[in-house]
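Student: Below is the structure, and that's it, no one-letter string:
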């Protein structure tokens, strides 16, 4: 770990109450960043796992403060552009600047593609794709006005690079993120603002997909191998993903933009 890569910098992270978002907040704080953190802290209608809570977000705050870094954290839903913009503005007002944006907030549920309900589809696209767009839309004017460049990282998925069964709505949202990032990378290069996507496979975040297990079991003979990784670890840890984010957001990656970085345990080479 490079302890001072983020000294004097501020990172804006969505979905920061737990899992990858919390790990990213802690990792960047360990390297010197101050943090603007948001999370919806709600139970989503379409997910089979419990949503993050305000207590979870408070724990993220304490972890960052324990590293002697500043943090501005609010209960804010990325689907609400006005509230998200206000939360970011307040964070920048208090912390003084913005350097790195991590659009991490996302949800997932499972169903056969033709059995996905309109409600499942809409909620997934609203959080995973529109929420990422809202995050970038709120942040980019600040980065351009500041005039010192910046790094934007979208959390996509292996599902943003290939089709995965039972996840049609999720796959659509994550492919959308990948394309949006490439477009923004092209547009923002003139401002020295970099935009990249990361593509994890399974990550142990506590989001237990109980609605997916029966589908995998029922179709294991034909579709199960699609989910198999090459490396021996069964899943990644949130800290593994945070390490990649810390690199892409840092000045060490100053010539990297428009890429889709797999963090996939080797699933894509099968």
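Tutor: Received the coordinates, thanks. All of these numbers come straight from a predicted model, not from anything done at the bench.

Student: dump the residue contacts of residue 81.
Tutor: 134, 137, 138 (CB atoms under 8 Å, 6 or more residues apart in numbering). For the C-beta atoms, the positions are set from N, CA and C on the backbone; glycine is no exception.

Student: Check which helix or strand the last one maps to.
Tutor: Okay, so that is residue 138. Taking DSSP states H and E as the criterion, residue 138 maps to helix 131-146.

Student: I'd like the mean pLDDT over that helix, please.
Tutor: Mean pLDDT, helix 131-146: 98.

Student: Tell me the buried residues in it?
Tutor: Judged by neighbour count using 16 or more other CB atoms under 10 Å, the buried positions of helix 131-146 are 131, 132, 133, 134, 135, 136, 138, 139, 140, 142, 143.

Student: how far away is the fifth one from residue 234?
Tutor: What that stands for is residue 135. Going from residue 135 to residue 234 by CB to CB, to the nearest Å gives 30 Å.

Student: ok, now the last one?
Tutor: Between residue 143 and residue 234 the distance is 38 Å, computed by CB to CB.

Student: can you check the second one too?
Tutor: Computed with CB to CB, the distance linking residue 132 and residue 234 is 27 Å.

Student: how about the strands in this protein?
Tutor: 10-14, 34-39, 71-75, 100-103, 150-155, 193-200, 260-263 (DSSP state E).

Student: Distance to residue 20 for the ones you listed - can I get that in TSV?
Tutor: What follows is those, written out as TSV (distance: least, CB to CB, whole Å):
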stretch	distance to residue 20
strand 10-14	9
strand 34-39	12
strand 71-75	16
strand 100-103	9
strand 150-155	7
strand 193-200	8
strand 260-263	10
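
Student: So for the closest residue to residue 134 other than its chain neighbours, what pLDDT did the model give?
Tutor: Once flanking residues are discounted, residue 134 sits nearest to residue 81: 4.6 Å by CB to CB, 6 or more residues apart in numbering. Reading off the confidence values, residue 81 has pLDDT 98.

Student: and what of the one 5 residues further on?
Tutor: The pLDDT attached to residue 86 in the predicted structure is 98.

Student: Having no further points to raise, I will conclude here.
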